[in-house]
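Trainee: Predicted coordinates and the sequence they were generated for:
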Amino acid sequence: MMNYTLGFLEALVFIGVWCYLCFRVVFWLINTILNLLIVVVFRSKTTTTTTTSVAEQKKEQASLFSCIGWINSSKNNNSKNSNKNSKNKNTNTNNNVQFTMLVWLIAYAVVPILDTSKSGAGSAGLQDLFQGTDPRLEEILRRAPIIKKGPSPPLFMTNGHVQFVPWLIQNEIHKGGIPFERIDMNVTGCIYKLPNCTHSPLMTDTISLDIFPSLDYDNNNDDNNNIKFNRSSPVILLAPGLRCYSQDLPGNTFIRLAYSKGFRSIVVNRRGHTPNRKLKAPRWNLLGDFFDMDQVYWHVKTELLQNNDAPMFLWGISSGSAVVIAGLSEWDRRYEKEGDTTAPRFVAAAAVSPGYDTRRVFSPERFRYPYNQILNPLVKDHFVLQNEELLRRFDSSAVDRMLAASNLQELVDASAPFAGYHNATSYYDRENPVNDLLSITTPTFVLNAADDPCCRIGNLYETSSSSPATYGTMTYADVTRASKRGLVAVTRYGSHCPFLDGGLFSPLTRDPWNGGYMLNSWSDRATIEFFEAALYVYSERR
């Protein structure tokens with residue numbers, strides 16, 4: 001089986017070589033155009049001025065080349081002739097080096113695209129596809145054929161590191177581009193999350209909900225979208241990734257695509273994630289708090305949507321996927337096994353690029369170089385240092401441990417008191433998203449890429465360390481097969497979140513919000529098609 005995976009440093013070399021070759025091509029084009037212009041000029045001179053000698057023409061031409069730095073006119077003809085052979089050798093050597101680099105680029109970029117050594121789903125862009133026991137999932141796949149197709153990365157984008165480059169550039173450009181309606185709401189909780197605990201004012205804080213389109217949005221004058229919105233329109237609650245918020249989830253192309261299909265997006269900027277807003281309470285969970293999300297659900301349902309029948313969906317990306325899966329485990333168990341009708345109820349859910357077992361997902365060997373090293377100090381600055389005085393009043397020793405953490409896993413371990421637990425063990429026992437996957441009955445679509453440079457795909461294929469009594473020797477892929485309505489798609493290419501699509505030469509698609517262009521993301525389209533199919537197949541969950 002062919003394998004052409006580049007490492008991080010190789011990806012940097014790849015980008016550098018590609019930029020160098022682009023420069024050489026542009027230089028060659030300019031050189032060629034100027035040479036043609038010079039030939040035309042001197043040919044016209046020879047037809048109009050027949051008295052000029054050949055020697056004078058060559059002298060004049062040499063002076064022109066000297067002006068643009070291609071010939072050093074101070075050198076005499078003898079020195080030029082003596083160096084002629086050595087220059088030819090250098091030129092041939094440079095050409096050989098450039099040709100070698102070009103072949104190297106083709107080998108790493110084009111060959112993987114043409115690789116069809118894998119059979120079945122692999123040859124169509126997927127490496128694996130796992131689905132639960134509910135036969136209606138087949139109807140979902142029939143109505144959302146893009147899921148089985150998988151992404152076809154654009155030219156030179158078959159590397160997980162390289163896919164970040166255009167994607168991150170687009171994310172910066174898109175910041176501030178969506179006119180959200182912001183609504184603040186208070187969330188509260190127990191000091192420590194023990195059974196039957198009482199909420200404390202000490203843990204009350206304000207989070208923000210960013211809504212697009214707004215609840216009173218009138219798109220009668222919008223030529224890009226003919227779908228009309230009202231308070232009964234389908235709603236997606238979105239959980240952003242690490243240090244992210246509504247304008248950069250990361251990215252917001254999913255919100256733009258959802259808008260074109262009639263879905264209203266409500267981004268839940270969890271505690272500490274709203275820009276320019278510090279914590280008011282010593283409650284902070286890097287992976288999100290499903291107790292807070294429970295409160296968000298009912299605030300949206302009763303206050304914002306005024307108890308109408310708007311279908312509700314749940315979506316999380318990267319670290320935001322943890323609160324999606326952990327929450328569904330809790331809410332579906334309460335609803336199905338305990339008959340608790342106060343548990344949030346969704347038509348369907350999706351998790352993009354999850355890391356699975358949060359006990360070890362951020363360890364250096366799993367959340368790999370250089371991303372662990374880059375994000376660890378950024379997380380400390382964003383959540384700990386900016387709120388240090390408040391956090392130290394609650395547990396100063398935990399702050400010391402967080403600031404001393406050498407990697408993200410140690411930081412999450414040390415943050416357990418601020419998530420509502422006495423220690424890391426009790427925190428993971430209660431909120432690890434893989435603890436009770438078999439309790440989830442909500443149709444749930446999980447998207448992973450085999451070339452994810454942040455969370456290694458091996459996380460999906462390992463046995464559970466958190467619930468060995470429940471899963472035995474089953475891997476998380478096996479658990480998906482044993483689940484009721486789980487669906488996991490593993491693409492061959494996609495990196496950590498981008499999932500760039502479009503084939504060799506069509507990486508862009510129309511932006512349904514402003515009529516411009518944006519990067520074509522397979523995960524965005526696959527998730528929206530999954531939600532649309534679930535709305536039809538599982539209509540009883542509305």
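Mentor: Cool, got the structure. Numbers count the residues shown, from 1 in each chain.
Trainee: any chance you could map the strands in the stretch 51-200 of the chain?
Mentor: According to DSSP state E, counting those that start in this stretch, the stretch 51-200 of the chain carries its strands in the segments 126-131, 181-189, 200-212.
Trainee: Please identify the deepest-packed of those.
Mentor: Mean neighbours per residue, mean count of other CB atoms under 10 Å, is largest over the strands of the stretch 51-200 of the chain for strand 126-131, with a mean of 20. All C-beta spots, glycine's among them, are computed from the backbone N, C-alpha and C.
Trainee: Provide the strand pairings for it, with the direction of each partner.
Mentor: strand 486-491 (antiparallel) (DSSP bridges).
Trainee: just checking, next helix/strand downstream of the strand it pairs with?
Mentor: strand 508-510 (DSSP states H and E).
Trainee: what are the ranges of the helices in the stretch 351-500 of the chain?
Mentor: Under the criterion DSSP state H, counting those that start in this stretch, helices of the stretch 351-500 of the chain are mapped to 371-379, 388-404, 408-414, 416-419, 424-431, 468-471, 476-482.
Trainee: Return the set of buried residues in the fifth one.
Mentor: To tie it back to what came earlier, the one meant is helix 424-431. Buried residues in helix 424-431, counted by 16 or more other CB atoms under 10 Å: A424, S426, Y427, Y428, R430, E431.
Trainee: Likewise for the longest one?
Mentor: Within helix 388-404, the residues that qualify as buried by neighbour count (16+ other CB under 10 Å) are L390, L391, F394, D395, A398, V399, R401, M402.
Trainee: contacting residues for the nearest residue to I178 once chain neighbours are set aside?
Mentor: Of all residues not flanking I178 in the chain, F212 sits nearest, at 5.3 Å (CB to CB, 6 or more residues apart in numbering). Listed by CB atoms under 8 Å, 6 or more residues apart in numbering, the contact partners of F212 are I178, P179, F180, E181, S246, I255, Y259, R264, S265, V267.
Trainee: Bridge partners for F212, pull those for me.
Mentor: S265.
Trainee: So in the protein, where's the weakest helix or strand by average pLDDT?
Mentor: helix 54-67 (a mean of 43; mean pLDDT, DSSP states H and E).
Trainee: so how far is G420 from P179?
Mentor: 35 Å (CB to CB, to the nearest Å).
Trainee: out of those two, which sits in the more crowded spot?
Mentor: G420 (23 against 11; other CB atoms under 10 Å).
Trainee: okay, the more buried one: pLDDT?
Mentor: On pLDDT, G420 comes in at 97.
Trainee: what separates it from S321, distance-wise?
Mentor: In terms of CB to CB, G420 sits 20 Å off from S321.
Trainee: could I get the strands of the stretch 51-200 of the chain as CSV with distance to G503?
Mentor: Formatted as CSV, those follow (distance: least, CB to CB, whole Å):
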stretch, distance to G503
strand 126-131, 16
strand 181-189, 37
strand 200-212, 30
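Trainee: Could you give me the buried positions within stretch 307-315?
Mentor: Quick answer for stretch 307-315 (16+ other CB under 10 Å): A310, P311, M312, F313, L314, W315.
Trainee: hmm, back to that, which of the buried residues of helix 388-404 sit farthest apart?
Mentor: Greatest spatial distance among the buried residues of helix 388-404 (CB to CB): L390 and R401, at 16.6 Å.
Trainee: low pLDDT regions in the stretch 151-300 of the chain?
Mentor: 218-225 (pLDDT under 70).
Trainee: just to revisit the earlier point, what about burial for the contacts of F212, which qualify?
Mentor: Of the contacts of F212, these count as buried by 16+ other CB under 10 Å: I178, F180, S246, I255, Y259, R264, S265, V267.
Trainee: Which members of those residues are positioned in helices?
Mentor: When DSSP state H is applied, the buried ones among the contacts of F212 are split such that I255, Y259 fall in helices.
Trainee: tell me which of the buried ones among the contacts of F212 is nearest to G494?
Mentor: Once CB to CB is applied, the member of the buried ones among the contacts of F212 that ends up nearest G494 is I255, at 19.2 Å.
Trainee: Could you tell me which residues make contact with the closest one?
Mentor: I178, F212, L238, L249, S265, V267.
Trainee: do that again at 6 Å, thanks
Mentor: Contact partners of I255, counting by CB atoms under 6 Å, 6 or more residues apart in numbering, are S265.
Trainee: With M293 instead?
Mentor: So M293 contacts V323, G327 (CB under 6 Å, 6+ apart).
Trainee: how close does it get to I207?
Mentor: According to CB to CB, M293 stands 10 Å off from I207.
Trainee: Next one: the residue lying closest to V352 once chain neighbours are set aside, what pLDDT does it get?
Mentor: In space, V352 comes closest to I317 once its chain neighbours are excluded; the distance is 4.3 Å by CB to CB, 6+ apart. Per-residue pLDDT puts I317 at 98.
Trainee: Can you report how many residues neighbour N230?
Mentor: By other CB under 10 Å, 12 other residues sit near N230.
Trainee: Three-state assignment for it, please.
Mentor: Using DSSP: H, G, I helix; E, B strand; the rest coil, the structure places N230 in coil.
Trainee: Check the spacing between it and W522 real quick.
Mentor: Distance from N230 to W522, by CB to CB: 30 Å.
Trainee: and what of L447?
Mentor: In terms of CB to CB, L447 sits 9 Å off from W522.
Trainee: ok, now I440?
Mentor: 24 Å.
Trainee: what does F394 give?
Mentor: Taking CB to CB, one finds F394 at 43 Å from W522.
Trainee: Also R366?
Mentor: R366 is 24 Å from W522, by CB to CB.
Trainee: Could you report the neighbour count for R485?
Mentor: Neighbour tally, R485, other CB under 10 Å: 22.
Trainee: The one 10 residues further on now?
Mentor: Applying other CB under 10 Å, we find 24 other residues in the vicinity of S495.
Trainee: ok now do it, which residues does it touch?
Mentor: G160, Q163, A449 are the contacts of S495 under CB under 6 Å, 6+ apart.
Trainee: mind listing the strands for the stretch 301-450 of the chain?
Mentor: 312-317, 348-352, 444-449.
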